[in-house]
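S.K.: just the structure for this:
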Amino acid sequence: MGANLKEVRERIKSVINTQQITKAMKMVSAAKLRKAQTAIQQLRPYANKLNAMLRNILSNLEGDASSIYGQERPVERACVVVVTSNRGLCGAFNSNVCKAAVAVIDAKYASVRAKGNLEILCIGKRGGEYFKKRYPDCKIITDHLMLFENLASDNVEKVSGKLMEAFASKQYDAVEVAYGRFRNAALQYAEIERWLPVEKLEVEGTGNKRADYIFEPTKEGLLDYLIPSILKTQFQKYVLDTQASEHGARMTSMDKASENANEILRELKINYNKARQEAITKEILEIVGGAAALSSD
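M.R.: Numbering: from 1, shown residues only. Here you go, the predicted structure:
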């Protein structure tokens, strides 16, 4: 019985130590989430409005040389960008983003992959580890795994700029981005969007209207700066969305882990008290039995 009590005490101590770690990780994630949430909430309306404007502009530039980022081509070569976190312990967040990318790769780009013309660019170590095992036949680009260590706009633009250059030089005919879209601390969605070529605005039957923009000083000069800038802002949104989603998922996961630890502690303490009561009862019975034996003598 003594050995059983010692084992239960050690388990209780172990669970308490684990709970302290999960609570600390929850607090750290909550602090990081506030900053990341503010960043994406400030950028998202701006990025969405710019993206809508970009689609509208490209819908009115048929045949214009400046609309290369909106040119539809037969997809012979493609790149899928997968944005995940560097660390785990955030529930199913990373696996959901990877599954969203896998679904599109297997359904939409199966023929491109079969020809050996599919490349996967991974931002975040978890995605890199997953796709190296999942698609050994594809080229996995891991140059930007540690991008989350420095999310300054200049650093993120290095990645988006390279992708845009590759698309403009016809190294890729399509670029898709799989990322985590942040809604709140408890809800994050794995999504994949076509980043290049830019989807044009659908007018017929949708109620949308094409805007007739006036360009100053010249259309060509303005679009040469405006279109790449909007695309880079959109890519920045993907990264910041994923960062906020990661912290939200980890905070929720650590909160649930702390609650589970409480349940385990409650059960262990009940078992410990039962074991103690059994030991005390056994000792009392032994004492009473010994006293009875002495009195009978």
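S.K.: so for Pro228, what's the nearest residue that isn't a sequence neighbour?
M.R.: Met164 (6.2 Å; Cβ to Cβ, 6 or more residues apart in numbering). In short, each C-beta sits where N, CA and C put it, glycine included.
S.K.: export the helix or strand where the one you found lies as CSV, just CAs?
M.R.: Per DSSP states H and E, Met164 falls inside helix 153-168. C-alpha atoms of helix 153-168 as CSV (Å, rounded to 0.1, in the frame of the first residue of the first chain):
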residue,chain,number,x,y,z
SER,A,153,7.6,44.0,-44.3
ASP,A,154,11.0,44.2,-46.1
ASN,A,155,11.8,40.6,-45.1
VAL,A,156,8.4,39.2,-46.2
GLU,A,157,8.6,41.2,-49.5
LYS,A,158,11.8,39.3,-50.4
VAL,A,159,9.7,36.1,-50.6
SER,A,160,6.8,37.6,-52.4
GLY,A,161,9.1,39.5,-54.8
LYS,A,162,10.9,36.3,-55.8
LEU,A,163,7.6,34.6,-56.5
MET,A,164,6.4,37.5,-58.6
GLU,A,165,9.6,37.5,-60.6
ALA,A,166,9.3,33.7,-61.1
PHE,A,167,5.7,34.2,-62.4
ALA,A,168,6.6,37.1,-64.7
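S.K.: packing partners for the lengthiest helix in the chain?
M.R.: The longest helix of the chain (DSSP state H) is helix 219-296. If contacts are counted by 3 or more Cβ pairs under 8 Å, 6 or more residues apart in numbering; DSSP states H and E, helix 219-296 sits against helix 2-59, strand 78-83, helix 93-108, helix 153-168, strand 174-184, strand 187-196.
S.K.: average model confidence for the very next helix or strand once past the third one?
M.R.: Put plainly, it is helix 93-108. Counting by DSSP H and E, the next helix or strand C-terminal to helix 93-108 is helix 110-114. For helix 110-114, mean pLDDT rounds to 94.
S.K.: what residues are up against Asn155?
M.R.: Counting by Cβ atoms under 8 Å, 6 or more residues apart in numbering, Asn155 makes contact with Leu147.
S.K.: all numbers from here: first residue = 30
M.R.: Right, with 30 as the first residue, what we last looked at is Asn184.
S.K.: which of the helices and strands packed on helix 248-325 is buried the deepest?
M.R.: strand 107-112 (a mean of 26; mean count of other Cβ atoms under 10 Å).
S.K.: other SSEs contacting that strand?
M.R.: Using 3+ Cβ pairs under 8 Å, 6+ apart as the contact test, the elements touching strand 107-112 are helix 122-137, strand 147-152, helix 154-163, helix 182-197, strand 203-213, helix 248-325.
S.K.: run the chain-centre distance for the longest one.
M.R.: Okay, so that is helix 248-325. Chain-centre distance of helix 248-325: 20 Å, with Cα atoms, centre = their mean, to the nearest Å.
S.K.: let me know the angle separating that helix from strand 216-225.
M.R.: Between helix 248-325 and strand 216-225, the angle comes out at 150 degrees (axes from the mean of the first three to the mean of the last three Cα atoms, to 10 degrees).
S.K.: that older thread, any chance of the helices and strands packed on helix 248-325 in JSON lines, plus distance to Ala320?
M.R.: Below are the helices and strands packed on helix 248-325 laid out as JSON lines (distance: least, Cβ to Cβ, whole Å):
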{"stretch": "helix 31-88", "distance to Ala320": "23"}
{"stretch": "strand 107-112", "distance to Ala320": "75"}
{"stretch": "helix 122-137", "distance to Ala320": "65"}
{"stretch": "helix 182-197", "distance to Ala320": "81"}
{"stretch": "strand 203-213", "distance to Ala320": "67"}
{"stretch": "strand 216-225", "distance to Ala320": "67"}
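S.K.: quick check: the closest residue to Tyr218 other than its chain neighbours vs Leu269, distance?
M.R.: The spatially closest residue to Tyr218, leaving aside those adjacent along the chain, is Arg210, at 4.6 Å (Cβ to Cβ, 6+ apart). Remark: distance between Arg210 and Leu269 (Cβ to Cβ, to the nearest Å) = 11 Å.
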